[in-house]
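Asker: have a look at this fold, sequence not included:
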């Protein structure tokens, strides 16, 4: 269930007669718990409560119904309950059907209200459904409630008007919904002369069965498109009841006023939506939610992908808002400086070329209005009108409805700011009619010319595009004059790795990157926005910052994208290292993202932000930020054929190369041995990455040439040789396979250890705190889905098992989907290790042994079991922490403070090592010249 569905469910529950016996189960059902779960609770099988009338769902809620007047006492009993602690309940809740109290046990936050009012607190309770909520939703549920009401209306209207669901009418339907949103807001904020005027007019003038509701709405919309001076001559004449509505226009009510036909149910949904108090609507939240109503693919989530204000400010603050606030602080009460700052702000453009419903633009506008209001307060001009034009907040959005909602959200934000900073009277005096300019462009951001939307200077700019067939030609001209202004580009563009891009998206990247980079096809989709922002900066004073998956600053993406950015003379001005970009989706773990700000004009230090161990935000001033988002010189990590440090050689495991018949299950191996016990020396355990992590080896035939003819005479073995030969011969275009068909008993590679093998899976989960390296006996065969260090000193395992190495791999190797993708040439061979003394190696060997012994103590637990971050045994975690401490002291004499500091040291050491490597040929050549002379 999503938040909208939960709000509806608990609202329905609050309206039903209170049933003390049934309430706990009905409450849990409203938060999405399955009937099977509730059935087990009812029978007492899973109900671990120790209180009369209590129901306890483990890891969730301890709830109790009590006698009248005992709610507070019952909540205290729930809090003190041993069962609450033992079952790790997140919430406790008590009610007597008249009052309700609840507490979130982790934070200590509580609610207390009349029973009928508890749906107003649904945001507080959303984590019960696995939904991470935010302060704005907790404090004010109107946005979710309004979305739910409009969603029901939208679905019912499309059911009754199927033609409006087709592509040719969908824009009409979406425009109709935008008009409704404006009317609901206007009637509750004084924009219309009477509170509730729109909803009451529809209720009074339309039939209960909904048959003429479309006609009533059409006349209201028509009235708002006709100025007062022209209404007397309107043809046909406006009905008297419609003339009370003001002239709005601004493009919102121009054009067709056709309205879809209503059913009785649709009319009811409209009236229910209008009954809400839209005064407190939050345009950035509501915009995200309502855009999903009109999107078939997103409707299931109903806008739960809302980006929180703190996350948006991670982009906007370092991009330009911090600078404005610093200028305000420096100005103090100096009227001239305050005036100059206000003039500067009036010339700032904020441009989001993937704006969706306008979240970033709305937040930027509200933050700037707050700063402007403080300037006006210090200058004694509290009621002064804003000099920050909405048309300075530009956007591009591919879909028409979010683009329309973005513009409407900005209009609502402007009015709310005027009310807040100037007062209701001044706000109303200047609000209508709406500005008819179209400053949110509907189009393809990677096809459009950004300079045509945010030009450096001048006016009369026309919309231009690379592909006129995909660009709407009826866009209004954008007039803009911005002499001496600043442009800040921001947003959260679509990510899409190379595998997930459509043919059209590939073509868009091709248009940007072809001729610049041969391997552009492997770039993430978001790379197009970074490149266009860098190109934009060549023509005008601009800075840009985008949210992106951290893959663009890892692995092979780095040497493909970032040299092009730097060639455009852009540099990294600030960055946020990896963090979870969470939203309101149920059980949402969040995607791991970075924020990267780029600019051509930099003064002062660059700022590098990171999340500390205690979840706080730290900031470091750096002379330079490299494309791996570490403080240090700009470098690209290139694959190395041999290690740059004095460590063991790591190589791929043995590839069967069409020799799949040589590999089989352990059970199949037993069958072979039953028939042919003499084959036992030639059957060996086989480990790829999956087999090692799950302690589930397969078996393989491992045959040297000298034994091949003897084993071929064993029917069960000879049949597998024949199958291997056939599979290789079938690869007729592969010369290597044809050659290997002559020795069908062999893997392509035949490498084994004398004493032991260190094994490292090529792909492993990103959820583990350490990489799953391990030790295998010499008989074990490592397959190509893992990497191997044969007979390597054990201290090499300590290096791979360290936090330092995981951070390096995560940064320079990149990921497969979200999992770590380990590379020997790019990860192990480039890993910089200081020169180790024999004492260092002995200490690290001891650490490796301790890790292995800690694992062994939990036999038969697997690597998958032991390294589950929620279940990792204490002795194993301590062994790893000791290993980290020993290794990090070798690097800097103490533990590193965080991963950012780890990366900085690793890049510093890598740079020195590579410089030393490059100097060797020069030194050798100089010595040769000296000897020759």
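Answerer: Perfect, I can see it now. No experiment lies behind these values; they were computed from the predicted model shown.

Asker: from residue 550, how far off is the most centrally placed residue in the chain?
Answerer: Nearest to the geometric centre of the chain sits residue 591, at 3.6 Å (CA atoms, centre = their mean). As judged by CB to CB, to the nearest Å, residue 591 and residue 550 stand 9 Å apart. (Glycine included, C-beta is placed from N, CA and C.)

Asker: for residue 128, same thing?
Answerer: Relative to residue 550, and taking CB to CB, residue 128 is found at 31 Å.

Asker: for the residue nearest to the centre of the chain, which non-adjacent residue is closest in space?
Answerer: residue 581 (5.4 Å; CB to CB, 6 or more residues apart in numbering).

Asker: got a pLDDT number for that neighbour?
Answerer: Looking at residue 581, its pLDDT is 74.

Asker: go on, residue 914?
Answerer: For residue 914, the predicted pLDDT is 89.

Asker: okay but residue 778 is in contact with residue 751, surely?
Answerer: No - taking contacts as CB atoms under 8 Å, residue 778 lies outside contact range of residue 751: 11.7 Å.

Asker: is it true that residue 147 lies in a helix?
Answerer: Yes - according to DSSP: H, G, I helix; E, B strand; the rest coil, residue 147 belongs to a helix.

Asker: can you get me a residue count around residue 735?
Answerer: When neighbours are defined as other CB atoms under 10 Å, residue 735 has 9 of them.

Asker: state the distance from it to residue 728.
Answerer: For residue 735, the distance to residue 728 - CB to CB - is 11 Å.

Asker: likewise residue 621?
Answerer: Taking CB to CB, one finds residue 621 at 60 Å from residue 728.

Asker: between these two, which is the more surrounded one?
Answerer: residue 728 (24 against 10).

Asker: which stretch of helix or strand covers that one?
Answerer: helix 715-730 (DSSP states H and E).

Asker: in whichever helix or strand comes after that helix, what counts as buried?
Answerer: Once the chain leaves helix 715-730, the next helix or strand it forms, by DSSP H and E, is helix 735-740. By 16 or more other CB atoms under 10 Å, the buried positions in helix 735-740 come out as 737, 740.

Asker: need the mean per-residue confidence for the following helix or strand past helix 735-740.
Answerer: The first helix or strand that comes after helix 735-740 along the chain, using DSSP H and E, is strand 756-761. For strand 756-761, mean pLDDT is 97.

Asker: what's strand 756-761 packed up against?
Answerer: helix 689-693, strand 774-777, strand 786-790, helix 795-800 (3 or more CB pairs under 8 Å, 6 or more residues apart in numbering; DSSP states H and E).

Asker: residues in contact with that strand: which ones?
Answerer: Under the criterion CB atoms under 8 Å, 6 or more residues apart in numbering, residues 648, 650, 653, 687-690, 692-693, 771-778, 780, 782, 785-792, 794, 796-797, 800, 822 lie in contact with strand 756-761.

Asker: those residues, buried ones only, as a ChimeraX selection?
Answerer: Here is the ChimeraX command that selects the buried residues among the contacts of strand 756-761 (16+ other CB under 10 Å):
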select :648,650,653,687,688,689,690,692,693,771,772,773,774,775,776,780,782,785,786,787,788,789,790,792,794,796,797,800,822
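
Asker: distance of residue 543 from residue 767?
Answerer: In terms of CB to CB, residue 543 sits 35 Å off from residue 767.

Asker: okay, the two: which has more neighbours?
Answerer: residue 543 (24 against 13).

Asker: surely that one forms part of a strand?
Answerer: Yes - applying three-state DSSP, one finds residue 543 inside a strand.

Asker: residue contacts, it?
Answerer: 319-320, 486-489, 537, 573, 597-599, 601.

Asker: repeat for residue 662
Answerer: 656, 700-701, 720, 724, 745, 747.

Asker: then residue 202?
Answerer: 213, 216-217, 220, 267, 270-271, 274.

Asker: would TSV of those with distance to residue 392, secondary structure and neighbour count be doable?
Answerer: TSV is the format used below for the contacts of residue 202 (distance: CB to CB, whole Å; DSSP: H, G, I helix; E, B strand; the rest coil; neighbours: other CB atoms under 10 Å):
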residue	distance to residue 392	secondary structure	neighbour count
213	39	helix	25
216	38	helix	22
217	33	helix	25
220	32	helix	25
267	40	helix	24
270	35	helix	27
271	38	helix	17
274	33	helix	22
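
Asker: closest to residue 496 among those residues?
Answerer: Checking these against residue 496 with CB to CB, the nearest one is residue 270 at 37.4 Å.

Asker: state whether that closest one and residue 216 are indeed in contact, as I suppose.
Answerer: No - judged on CB under 8 Å, residue 270 makes no contact with residue 216 at a distance of 10.5 Å.

Asker: which parts of whichever helix or strand residue 101 is part of are buried?
Answerer: Residue 101 belongs to strand 99-104 when elements are defined using DSSP H and E. Within strand 99-104, the residues scored as buried using 16+ other CB under 10 Å are 99-104.

Asker: ditto for stretch 852-860
Answerer: 852, 854-855.

Asker: quick one: which of these sit in helices?
Answerer: The helices, defined by DSSP state H, take in 852, 854-855 from the buried residues of stretch 852-860.

Asker: in JSON lines: these, plus distance to residue 89 and pLDDT.
Answerer: Output for those, formatted as JSON lines (distance: CB to CB, whole Å; pLDDT from 0 to 100):
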{"residue": "852", "distance to residue 89": "38", "pLDDT": "98"}
{"residue": "854", "distance to residue 89": "32", "pLDDT": "97"}
{"residue": "855", "distance to residue 89": "33", "pLDDT": "97"}
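
Asker: these into TSV, with extra columns for distance to residue 168?
Answerer: Formatted as TSV, these follow (distance: CB to CB, whole Å):
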residue	distance to residue 168
852	67
854	66
855	64
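
Asker: just name the closest of those residues to residue 640, please.
Answerer: Nearest to residue 640 among these, with distances taken as CB to CB, is residue 852, at 28.4 Å.

Asker: ok, the closest one to residue 844 distance?
Answerer: 13 Å.

Asker: repeat that for residue 253.
Answerer: Taken as CB to CB, the span from residue 253 to residue 844 is 74 Å.

Asker: beta partners for residue 699?
Answerer: Here residue 699 sits in beta bridges with residue 664, residue 685, going by DSSP bridges.

Asker: read off the pLDDT value for it.
Answerer: For residue 699, the predicted pLDDT is 97.

Asker: just to revisit the earlier point, what's next to the very next helix or strand once past the strand holding residue 101, contact-wise?
Answerer: Sequence-wise, the next helix or strand downstream of strand 99-104 (DSSP H and E) is strand 110-114. Defining contact as CB under 8 Å, 6+ apart, one finds that strand 110-114 is touched by 98-104, 118, 120-121, 124.

Asker: those into TSV, with extra columns for pLDDT and distance to residue 42?
Answerer: Below are the contacts of strand 110-114 laid out as TSV (pLDDT from 0 to 100; distance: CB to CB, whole Å):
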residue	pLDDT	distance to residue 42
98	95	25
99	95	25
100	95	22
101	95	24
102	94	22
103	94	25
104	90	26
118	89	22
120	82	29
121	84	26
124	84	26
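
Asker: if we can go back for a sec, now the residue nearest to the centre of the chain: how far from residue 533?
Answerer: Counting by CB to CB - residue 591 and residue 533 are separated by 21 Å.

Asker: same check on residue 649?
Answerer: For residue 649 relative to residue 533 (CB to CB), the value is 43 Å.

Asker: who has more neighbours, those two?
Answerer: residue 533 (27 against 14).

Asker: so the more buried one touches residue 598, yeah?
Answerer: Yes - between residue 533 and residue 598 there is a contact under CB under 8 Å: 6.6 Å.

Asker: need the residues touching each of the two.
Answerer: 544, 570.
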